[in-house]
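**Q** predicted model and sequence follow; I will ask about them next.
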Amino acid sequence: MKESRYLLDTDICIYFIKRHPASVAERIAALPDDAVSMSVIAYGELRRGVERSLHHEQNLAALNQMTEIINVKALPKTAGQIYGVIRTKLEKSGTPIGNNDLWIAAHALAEDLTLVTNNGREFKRIDGLRVENWAQ
């Protein structure tokens, strides 16, 4: 059986960096190195947080340390195709989600990854997206 692979949402990456809740870091540590990654979109959100932070150097070091453990995945072309379809569908139904969240979801779908997030309510609107919450 194929090992499940996971894409971490930005909130889960923050929990990993802060080591709170501990369940997030424990779950990541229990998996093979190649089973967990983050989207370049989540990385961009985290980097923005670093740039806005009063503790720039400390937070940049923490982000760099995290990316030594968790791979940052580039967006495949198919994620763009999926993004367009999902965004149109959600807008037509009057239930849009945030732009970056939508890109992260499209990335997970394009690579057949389970999205790990503490924001399941938002992501559950996307058909076919597998979602888990490791923060509970």
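**A** Looks like it arrived, so ask away.

**Q** which pLDDT value goes with the most far-flung residue of the chain relative to its centre?
**A** Most distant residue from the mean C-alpha position of the chain: Lys92, 24.8 Å away (C-alpha atoms, centre = their mean). Per-residue confidence (pLDDT) for Lys92: 98.

**Q** point out where the protein drops to low pLDDT.
**A** Counting by pLDDT under 70, the chain shows low-confidence ranges at 1-4.

**Q** ok, longest helix in the protein?
**A** Ranked by residue count under DSSP state H, the longest helix found in the chain is helix 77-92.

**Q** which other residues reach that helix?
**A** Outside of helix 77-92, the residues that reach it under the criterion C-beta atoms under 8 Å, 6 or more residues apart in numbering are Pro96, Ile97, Leu102, Trp103, Ala105, Ala106, His107, Leu109, Ala110, Glu111, Arg125, Ile126. Just so you know, the C-beta spots here come from the backbone N, C-alpha and C atoms, and that holds for glycine as well.

**Q** I'd like the next helix or strand past that helix.
**A** Sequence-wise, the next helix or strand downstream of helix 77-92 (DSSP states H and E) is helix 99-110.

**Q** list the buried residues for that next one?
**A** Asn100, Asp101, Leu102, Trp103, Ile104, Ala105, Ala106, His107, Ala108, Leu109, Ala110 (16 or more other C-beta atoms under 10 Å).

**Q** wasn't Ile41 part of a strand?
**A** No - applying DSSP: H, G, I helix; E, B strand; the rest coil, one finds Ile41 to be helix, outside a strand.

**Q** contacting residues for it?
**A** Contacts of Ile41 (C-beta under 8 Å, 6+ apart): Leu75, Asn100, Trp103, Ile104, His107.

**Q** what sits closest to it if chain neighbours are left out?
**A** Trp103 (4.6 Å; C-beta to C-beta, 6 or more residues apart in numbering).
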